[in-house]
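Enquirer: The following block contains a protein sequence and its predicted model.
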Amino acid sequence: MLVWHGRTIVGAVKFRKRGWWAIISLSRDGEMQNRIFRRLGFNTIRGSTGRGGARALAESIRVLKKGATMTLTPDGPRGPSGIVQPGMLMMSQKSGAWLVPCGVAASPCKLFKSWDRYMVPKLFARCVVVFGEGVQIPRDTTEEQVEGIRQKLERDLHRLEAEAEAIVAKR
């Protein structure tokens, strides 16, 4: 399940206690998020692009090969916001796991003034998760094909978020 970094809390609550996996940064903010995700029943792998990334990638591939479900933020942990980074594409290619883009929205909500405009639903908010079409990246996919998949996932994530926003706006 792929969701933009700033939209993780809705999915974390919606899909809690399922034993899913999440990669969480080794930063101080990541420690707080790690505690929240673990309390919600997620298994976590610590690491990110800047620190512990190679170990996190290897561990993620291992758990995905065993059939685990993982939630990923393709633009995290530092952005740029709304741009799919290559790590999770490599993870899919090496593990055989499907990538399923999701759009998330909530209304009413608070949007923080952070790089990812982190969204926190307000009390009694209507929250929506919209799933897109999954994609699998075969091992023999060329770099050009992977880039095309990356761009399509990015477009799909933006489109699905807009769809989710339209649904909550109809409230």
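Expert: On my side now, so go ahead.

Enquirer: State the mean pLDDT of the longest helix belonging to the chain.
Expert: In the chain, assigned by DSSP state H, the helix with the most residues is helix 143-169. On average, the pLDDT along helix 143-169 is 97.

Enquirer: do stretch 41-60 as well
Expert: Computed over stretch 41-60, the average pLDDT equals 89.

Enquirer: Now do the helices in the protein.
Expert: Going by DSSP H, the chain shows helices at 8-14, 28-39, 53-65, 87-95, 143-169.

Enquirer: Residue 22 is nearest to which of the ones you listed?
Expert: Evaluated over the helices of the chain, closeness to residue 22 peaks at helix 28-39, with 5.3 Å, by CB to CB. Quick note: C-beta positions are derived from backbone N, CA and C, even for glycine.

Enquirer: name the helices or strands packed onto the closest one?
Expert: helix 8-14, strand 21-24, strand 43-46 (3 or more CB pairs under 8 Å, 6 or more residues apart in numbering; DSSP states H and E).

Enquirer: how far is that helix from where the chain is centred?
Expert: Centre-to-centre, helix 28-39 and its host chain are 15 Å apart (CA atoms, centre = their mean, to the nearest Å).

Enquirer: residues of that helix that come out buried?
Expert: By 16 or more other CB atoms under 10 Å, the buried positions in helix 28-39 come out as 30, 33-34, 37.

Enquirer: can you put the helices of the chain in CSV and add distance to residue 122?
Expert: Supplementary listing: the helices of the chain in CSV, determined by distance: least, CB to CB, whole Å:
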stretch, distance to residue 122
helix 8-14, 12
helix 28-39, 17
helix 53-65, 32
helix 87-95, 30
helix 143-169, 12
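
Enquirer: Need the winner for burial among the ones you listed.
Expert: helix 87-95 (a mean of 20; mean count of other CB atoms under 10 Å).

Enquirer: just to revisit the earlier point, now the longest helix of the chain and helix 87-95, what's the angle there?
Expert: Going by axes from the mean of the first three to the mean of the last three CA atoms, to 10 degrees, helix 143-169 is angled at 120 degrees with respect to helix 87-95.

Enquirer: which helices and strands sit right next to helix 143-169?
Expert: helix 87-95, strand 102-111, strand 119-131, strand 135-136.

Enquirer: Out of those, indicate the one that is most buried.
Expert: Taking mean count of other CB under 10 Å, helix 87-95 is the most buried of these, at a mean of 20.

Enquirer: And the contacts of that one?
Expert: The contact list for helix 87-95 (CB atoms under 8 Å, 6 or more residues apart in numbering) reads 2, 49, 53, 57, 60-61, 64-65, 72, 74, 97-99, 135-139, 141, 146, 149-150.
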